[in-house]
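>>> Structure, please.
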Amino acid sequence: MPLPPSFCGLIARVDGGCLVGDGGVLELWSTDSNLALWSEDYRAFKSTPGARVVFFATNGGGSEYFFDVDDWFGCGRYAVLLANVGSHVIERVASSFYAALDRLIAGPRLEWEHDLIQRPRPPRSERR
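Down below sits the predicted model:
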């Protein structure tokens, strides 16, 4: 399956690692770890029938980053998405791998506001 050249270039240089920024955490899996997931009939692929996706990292808190190879989720080919392992919640991170890295390093900016998913406030969290 073809992968974005930006991702292939980074993984060829670092082969795993952790990026921590104002926008979150990205724990990039090594090639060996990722191939082991593929060979074990990884559970995440079972939850996306018909979609070609490639999981490549975790946020260290129960969610995993993946590429949407064929634009199955309607966010663009090779968009970076974040799937919550314990639910069916999928969140758009960015339209490309480099944009996702930039967003994780710098945090959300005003020009990215259209990418953010509005979430309801928790009960009793309104300011008075």
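
>>> How about the contacts made by Phe99?
You called it Phe, but residue 99 is Ala. Applying Cβ atoms under 8 Å, 6 or more residues apart in numbering, we find Ala99 in contact with Val80. C-beta here means a position set from N, CA and C on the backbone, and glycine is covered the same way.

>>> the bottom helix or strand of this protein by mean pLDDT?
helix 43-46 (a mean of 50; mean pLDDT, DSSP states H and E).

>>> in stretch 9-19, what's buried?
Leu10, Ile11, Leu19 (16 or more other Cβ atoms under 10 Å).

>>> so what secondary structure elements neighbour the helix or strand where the first one lies?
For Leu10, the host element (DSSP states H and E) is helix 5-14. Contact analysis of helix 5-14 by 3 or more Cβ pairs under 8 Å, 6 or more residues apart in numbering; DSSP states H and E lists strand 24-28, helix 97-106 as its packing neighbours.

>>> For that helix, which outside residues touch it?
Contacts of helix 5-14 (Cβ under 8 Å, 6+ apart): Leu28, Thr31, Phe56, Phe67, Ser96, Phe97, Tyr98.

>>> Low-confidence ranges, the chain, go.
1, 34-50, 108-128 (pLDDT under 70).

>>> show me where it has strands.
17-21, 24-28, 53-58, 63-68, 79-84, 90-94 (DSSP state E).

>>> Can you flag the buried ones in the contacts of helix 5-14?
Leu28, Phe56, Phe67, Ser96, Phe97.

>>> Among those, which one sits closest to Gly86?
Distance to Gly86 across the buried ones among the contacts of helix 5-14 (Cβ to Cβ) is lowest for Phe56, with 19.3 Å.

>>> Cool, thanks, talk later.
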